[in-house]
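Participant: only geometry, no sequence info:
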DNA sequence: AAAGCGTGGGG
DNA sequence: TCCCCAAGCTT
């Protein structure tokens, strides 16, 4: 009888932030941008620059992918002022491979705004942060909570999943977003809001995972309505996605006899905006036009470069040629061999280069 | 306001 | 091979 009553109260009681914080105190992930428990105990305060940088890098990007970029950026540009002073090309090159390159352009805009309009100090309010380039609702709330310990409502994909399960919400995303945000708001505590924000996201990342959630280890299993109903594996519901079409293109890799490569900087907006790349055709579902950037004996590489972007697959035909010193290109500029670094290219362009060899 | 915008890992 | 997913923002 006691067991039954306890079981029922588990289902009906609301989730308690303090139970999650207790779990977090034992199971928080160790991350390069996160203060260690020892530092926190010693009264060390988070650095808003590092929190902001990590949050921007983590937008739609896995922790594993972000780690090395975060360490490289903070080693090279230890402060927002240092980053603000960096040349665009250096920052874009350092971001190469991480994806969503508009983030890097907005990162610089934001750093320069903080440096010039805010004396190099990040605003400490939701509104102040939200006004900066590349900082949307999530990032503003996350920085306010984590860097300044403000009780803002932090809602990312993890929080959406945790809330959908906690409340057995079957309305599909993104339609359900306002409802899930309201649930998140109702739970956000006034004490330790920064730790709480990180705790919900850690819970989503390590326990309340999309597949194979570890409900046996969950501090909120008791109040979880999906657990009670057995629906946790179906949640959150999502509206089905369209499948990606395949586009075709040609990339021209011209090597000058001194070893320089013909590259061009892509326009600031659109796909791979602001990044270096090989001159080439447009990418479309119909076969590309022939339009080499320089007159030469072009040879087609036997293998295509295949790559998948957010909304299409690409099959890229790679053509290469050796050109003499005195021939001027119609597009792009030759980059000297000692200046050229394939690591500064976005991944699809690295793949094309890899097919040509060295 | 729906669509554009990267990449790598895992099932 | 394919699809799903990951600390979303901008237009």
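Facilitator: That came through fine. The structure displayed is predicted, hence computed values, not measured ones. Numbers count the residues shown, from 1 in each chain, chains lettered A, B, ... in the order given.
Participant: pLDDT score for the nearest residue to residue A:239 once chain neighbours are set aside?
Facilitator: Leaving aside its chain neighbours, residue A:239 sits nearest to residue A:172 (4.9 Å; criterion: Cβ to Cβ, 6 or more residues apart in numbering). C-beta: built from backbone N, CA, C; applies to glycine. Note for residue A:172: predicted pLDDT of 94.
Participant: distance of the residue in chain A that DNA strand C sits nearest to from residue A:153?
Facilitator: Residue nearest to DNA strand C within chain A: residue A:136 (2.4 Å; Cβ to the nearest atom of the strand). To residue A:153, residue A:136 is 13 Å away according to Cβ to Cβ, to the nearest Å.
Participant: next one: residue A:115
Facilitator: Taking Cβ to Cβ as the measure, residue A:115 falls 29 Å from residue A:153.
Participant: the two - which one has more neighbours?
Facilitator: Between residue A:115 and residue A:153, residue A:153 has the larger neighbour count (other Cβ atoms under 10 Å), namely 21 against 18.
Participant: DNA strand B contacts on the stretch 201-350 of chain A?
Facilitator: Counting by Cβ under 7 Å from any atom of the strand, the positions of the stretch 201-350 of chain A adjacent to DNA strand B are A:211-212, A:270-273, A:307-311, A:346-348.
Participant: measure residue A:298 to residue A:292 for me?
Facilitator: Distance from residue A:298 to residue A:292, by Cβ to Cβ: 6 Å.
Participant: for residue A:225, which non-adjacent residue is spatially closest?
Facilitator: Closest residue in space to residue A:225, ignoring its immediate chain neighbours: residue A:168 at 3.6 Å, by Cβ to Cβ, 6+ apart.
Participant: surely the one you found meets residue A:223?
Facilitator: No - in this structure residue A:168 lies outside contact range of residue A:223 using Cβ atoms under 8 Å: 11.0 Å.
Participant: more neighbours: which of these two?
Facilitator: residue A:223 (20 against 17).
Participant: checking that one next. Helix, strand or coil?
Facilitator: Here residue A:223 is recorded as coil under DSSP: H, G, I helix; E, B strand; the rest coil.
Participant: backbone phi and psi for it, please?
Facilitator: Main-chain dihedrals, residue A:223, degrees, to the nearest 10: phi -80, psi 10.
Participant: separation between it and residue A:84?
Facilitator: In this view, residue A:223 and residue A:84 are 45 Å apart by Cβ to Cβ.
Participant: ok, now residue A:191?
Facilitator: In terms of Cβ to Cβ, residue A:191 sits 35 Å off from residue A:84.
Participant: which one's more surrounded, the two?
Facilitator: Ranked by neighbour count (other Cβ under 10 Å), residue A:191 and residue A:84 place residue A:84 first, with 18 against 11.
Participant: now the more buried one: closest residue in space, sequence neighbours ignored.
Facilitator: Using Cβ to Cβ, 6+ apart, the nearest residue to residue A:84 is residue A:115, at 3.7 Å.
Participant: may I see the buried residues of the helix or strand the one you found falls within?
Facilitator: In the assignment (DSSP states H and E), residue A:115 maps to helix A:102-117. The neighbour-count check on helix A:102-117 (16 or more other Cβ atoms under 10 Å) flags A:103, A:104, A:105, A:106, A:107, A:108, A:110, A:111, A:112, A:113, A:114, A:115 as buried.
Participant: thanks a lot, see you next time.
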